[in-house]
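Novice: sequence and predicted model, in that order:
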Amino acid sequence: MDGISVFPNPRRRATIRAMQRIDKTPKEMEKETRVHSMFADISGKYDLLNALLSAQRDRAWRRFAVDKCLLRPGDCAVDVCAGTGDISIELARRVGTGGKVIGVDFTYEMMEIGQEKVARKGLEAQIEFVQANAEGMPFDDDTFVAATNGFAMRNVASIERALREMRRVVRPGGRVVVLELAKPQIPVIRSLYDPYFYHVVPMIGRVVGGNGGAYKYLPNSLTHFPPRREILDIFAAVGLRSAKCYDLTLGVATVFVGVK
Ligand SMILES: C[S@@+](CC[C@H](N)C(=O)[O-])C[C@H]1O[C@@H](n2cnc3c(N)ncnc32)[C@H](O)[C@@H]1O
């Protein structure tokens, strides 16, 4: 499909292939395969489900995350695990016509929907989708002013490898921003949230998306996602300084920010 490239620069293919040969355990490979086929299956319903399940808060969360990138007109940013491109579109608004946004994802079907949205909004000149793995991206070191990742750190095989890779492609002084769902820390909110997340979310997923399994995966993936403190420790371990996190909407979403 027009607008989605496997590699932006064919002359660098050898380097890129070498970079993408990451040693993964069988469990990590199994997770990637499962995540990839799940998103390929639900791609057509992803945007609707996202809006429904977050009571349309997802847009405000993405805007908050993009604010934290501190982008200026003309900048260049990468949206890692871009999916259907909503963060990429928000980034493109900030960098303007003189800037560039690359959306990276390994699920073609998600980017295909993203590409249609980008075309409808007339942003083709600013946003390019690239099919690649978040843990081995086909870009030089120090390329982008900021790297974002929205709702996908739960999905990658290794959070540390994905963050290390985001840091690698960002310029010194640039920002790595991660938006993720989180478990509310206030007990009363938590007692309301758990039944919603563990029972209502899979039910809505089954009714609207026809894929209850996929939306059962969502609560399970959050159960196994490390707490905020651990994520901040990983930021520090990969060399991202001044790491901070911001809780949004009573703590059901969190934005993590670190500086290279
Ligand atoms: C929940 S969606 C998030 C999409 C988008 N960022 C958003 O804000 O809606 C997660 C996306 O991460 C992608 N993904 C998961 N693991 C990946 C990996 N290792 N490399 C590239 N993409 C990955 C999936 O294909 C999917 O499109």
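Specialist: Structure received. Keep in mind it's a predicted model, so treat the numbers as computed, not measured.
Novice: quick one: Val101 and Thr143, what's the gap?
Specialist: 12 Å (CB to CB, to the nearest Å). The C-beta positions use only the backbone N, C-alpha and C, and glycine is treated the same way.
Novice: give me the common contacts of the two.
Specialist: 76, 78 (CB atoms under 8 Å, 6 or more residues apart in numbering).
Novice: which of the two has more neighbours?
Specialist: More crowded of Val101 and Thr143, by other CB atoms under 10 Å: Val101, with 30 against 17.
Novice: so who does Arg161 touch?
Specialist: 22, 135.
Novice: swap that for Arg167, please
Specialist: 147, 176, 238-240, 258, 260.
Novice: what bridges to the nearest residue to Phe144 once chain neighbours are set aside?
Specialist: Leaving aside its sequence neighbours, Phe144 sits nearest to Val78 (CB to CB, 6 or more residues apart in numbering; 4.7 Å). Legend: beta-bridge partners of Val78 under DSSP bridges are Ile102, Ala147.
Novice: could you do Val177 as well?
Specialist: Thr148, Val257.
Novice: right, and it touches Ala147 too?
Specialist: Yes - Val177 lies in contact with Ala147 (CB atoms under 8 Å); the separation is 7.3 Å.
Novice: okay, those two: which has more neighbours?
Specialist: Ala147 (30 against 25).
Novice: which ones are touching that one?
Specialist: By CB under 8 Å, 6+ apart, Ala147 lies in contact with 77-80, 166-167, 169-170, 174-177.
Novice: which of the residues you listed has the most neighbours?
Specialist: Highest neighbour count within these, by other CB under 10 Å: Asp79, with 33 neighbours.
Novice: quick check, the residue nearest to Phe144 in contact with Gly99.
Specialist: No - counting by CB under 8 Å, Val78 stays clear of Gly99, with 11.9 Å between them.
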